[in-house]
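# Predicted coordinates and the sequence they were generated for:
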Amino acid sequence: MAEEGKTVAESATEMVQIVLPNDTNMLGNLLGGTLMHWIDMVGAIVANRHSRKPIVTASMEGLDFHVPVKLGFLVILKARMNYGGKSSMEVGVEVYSENGLTGERVHTSSAILTYVAIDFNGKPVPVPKLILSNEEERKRHEEALERKQRRLHRLSEKRT
């Protein structure tokens, strides 16, 4: 049985990476695939902290690359729950680059990921209710519900 509920703050996570030469393309910019991996990792940590169950990534959507991240810069990934359903969880991730010499921080990317909590046989299991504490959290929750409806509609169209 899932716990009664958890707040957004209980599972929110911040991860910091440094962009090394192996993480970059020939222009000295962070590889998109590397950033996607980091986004998935921080999102999975949030989903695991919320559910305290094994989780799998169901989708990554809305990934936008606004500006490149340079070699040697820090990458700050801030992730938090947007929505918790029966077994699915939507996590929003905001990505910032930080110049370690000047401290200048720039919003570089955003992504939305959906995870599903499973048991050790791969079957979906219940997750705790998401407790919304403020207007911003309620707004993100409503937007997540709209995205979920669009995803379900897209999936039903593919089946027909």
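Thanks, I have the structure now.
# Now do the helices in this protein.
8-11, 32-51, 135-159 (DSSP state H).
# List the buried residues of the strand ranked longest in the chain.
When the chain is parsed with DSSP state E, its longest strand is strand 105-117. When neighbours are counted by 16 or more other Cβ atoms under 10 Å, the buried residues of strand 105-117 are found to be 108-117. All C-beta atoms are positioned from the backbone trio N, CA, C, and that covers glycine.
# And Val127, what's its pLDDT?
On pLDDT, Val127 comes in at 98.
# what stretches of the chain score poorly on pLDDT?
In the predicted model, the chain carries pLDDT under 70 at residues 1-3, 160.
# Can you tell me the centre-most residue of it?
Residue closest to the mean C-alpha point of the chain, counted by Cα atoms, centre = their mean, is Gly43 at 3.6 Å.
# Who are the packing partners of the longest strand of the chain?
Under the contact definition 3 or more Cβ pairs under 8 Å, 6 or more residues apart in numbering; DSSP states H and E, strand 105-117 sits against helix 32-51, strand 55-65, strand 74-84, strand 88-98, helix 135-159.
# The longest one to strand 74-84, inter-axis angle?
Between helix 135-159 and strand 74-84, the angle comes out at 80 degrees (axes from the mean of the first three to the mean of the last three Cα atoms, to 10 degrees).
# And the second one, by the same measure?
When the same axes, to 10 degrees is applied, the directions of strand 55-65 and strand 74-84 differ by 120 degrees.
# now swap in the first one and tell me
Using the same axes, to 10 degrees, one finds that helix 32-51 and strand 74-84 are set 50 degrees apart in direction.
# Can you give me the buried ones in helix 32-51?
Using 16+ other Cβ under 10 Å as the test for burial, helix 32-51 gives 34-36, 38-40, 42-51.
# Just confirm Met60 contacts Met36, I think it does.
Yes. Between Met60 and Met36 there is a contact at 7.0 Å, judged by Cβ atoms under 8 Å.
# Name the residues contacting each of these two.
Ala111 (Cβ atoms under 8 Å, 6 or more residues apart in numbering).
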